[in-house]
Structures are given as C-alpha cells and as structure tokens.
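Participant: Sequence and computational prediction follow.
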Amino acid sequence: MTTQIANTQDRKSILLSMATRFGMEPAAFEQTVRATCGCDKATKEQFAAFLLVANEYGLNPVTKEIYAFPTRGGGIQPIVGIDGWMTMANNHPAYDGITFVDRLGDDGQLLAITAQVHRKDRSHPVEVTEYLAECKQGTDPWKKWPARMLRHKAAIQAIRYAFGFSGIVDPDEADRMRPSVNVAVNVQQARQQVARITHVDAVDSDVEHFDAAEIEAEARA
C-alpha cells in the first residue's frame, strides 16, 4: 500500500511540475500531451516516465521537442527531434557551439557530413561523421533535403556523444531498419572516398560498432 501511494504521488508530482512549468492546468496538460505526443494509450506509469524524461532534459512535449511511439513490448519510446537535441545542447553549461564539415566525392556530390561539438571544458571537439549512403531513407524529407537531414543526423549523434544523453532516440533511429547488403557496400565505398580526400581514417570502428548495436537493439525493442 505504501509503495502504491508513493507511486501515485510521484505521478501527480511530475504532472503538476510539468503543467506548472508551461502554465497549464494538470488535467488539460495531460490531455494535450496524450493527444499530440503519441501517449494516448500509455499507462499512467508510462506517461509519468515519459514526463520524467522530458523534465530531465528540459524538453517541451507540447511543441513536439519530445514525443513517443509505442514499442512492440507494449511500452513507449521517447523520441527527440532536432529542435529538442539543440535545446538540450544549448541548455548544457559546457556547450560551446557546433561546426559542420561537408565531405564531397570526386564528382562534387555529398558523401558525408562531420559534426564537431565544442565543449568549454575540453580542448578538442567531439567529432562524428555520418554517411549519406548509410543514413538516407526513402522518405520525402530525405528525398527533398538529403543534405539538411544528414546535417541533423550528424548533429544529433555528436551532441549525444559529447554530453552522454541516453534513454532517447531521434526520429531517424525510430524508423531505421537493418541495412541491406547493397547499402553496406555503398557505405564502405563512401568511407573510402572520404578517407582518400581527407587523408584520415573515415570513422573510429568502435564508435560504428556501438551505433550499429544500439540501433539493432532499438529495432528489436
């Protein structure tokens, strides 16, 4: 009985805290978030957990900085869009800006984008390279704005590594399926071209293995 009461109080506390933060009544705030953020079928415990993640990272679910999608196991997975990732970076006291470097092939076409996140407490930026052949999907945004989408992807991964944000995924990761053999071949070709152009190793292998394992685990969730 004590545990049940404590859990109920915790749920009310986070709901009241978040609603107050955005100047809404708790009931109206819950109804709005459930209706617009993919939490309509979430249990009270799942909804409270979603709000806890949003609150921890200072994200606004009303403006879709964070939302959710149902997992196969019956839970919900918090998803953070590019605006949310930039909010988290800008809110971090050590954040000192982000720069991008486009990697072009011999034909002038975009192969990859490197994002460098600078921290005030480190002498070297955290650098992540994302490859178009690996990330591009068949969705309209990727067809219309591949460079912008790849820049977002590189920024998200660099921000994640720089500040250790966990428990959340970006929209691309939520939709991504295991790459085909053809995609894997294209990625290897792109890496070789970038390495030849920049005269440096394309990407640290440990980082790549970690990312692949993470995505595969999310796909099975």
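Facilitator: Nice, I can see it.
Participant: The spatially most central residue of the chain: what's it in contact with?
Facilitator: With distances taken as CA atoms, centre = their mean, Asp170 lies nearest the centre of the chain, 2.8 Å away. By CB atoms under 8 Å, 6 or more residues apart in numbering, the residues touching Asp170 are Ile79, Val80, Gly81, Ile82, Trp85, His152, Lys153, Ile156. No exception for glycine: its C-beta is placed from N, CA and C like everyone else's.
Participant: From Tyr67, how far out is the second one?
Facilitator: Distance check for Val80 against Tyr67: by CB to CB, to the nearest Å, it reads 8 Å.
Participant: again with Ala49
Facilitator: On the measure of CB to CB, Ala49 and Tyr67 end up 14 Å apart.
Participant: Tell me which of the two has more neighbours.
Facilitator: In this view Ala49 and Tyr67 are compared by other CB atoms under 10 Å, and Tyr67 has more residues nearby, 23 against 19.
Participant: So the more buried one, which state does it fall into?
Facilitator: strand (DSSP: H, G, I helix; E, B strand; the rest coil).
Participant: which residue packs closest to it, ignoring adjacent ones?
Facilitator: In space, and not counting its chain neighbours, Tyr67 is closest to Cys37: 4.1 Å by CB to CB, 6 or more residues apart in numbering.
Participant: Now the one you found: phi and psi?
Facilitator: phi -120, psi 20 (degrees, to the nearest 10).
Participant: what about it, neighbour count?
Facilitator: 23.
Participant: Would you map the helices across the chain?
Facilitator: 2-21, 26-36, 44-56, 82-91, 132-135, 140-144, 146-163, 171-175, 181-198, 205-220 (DSSP state H).
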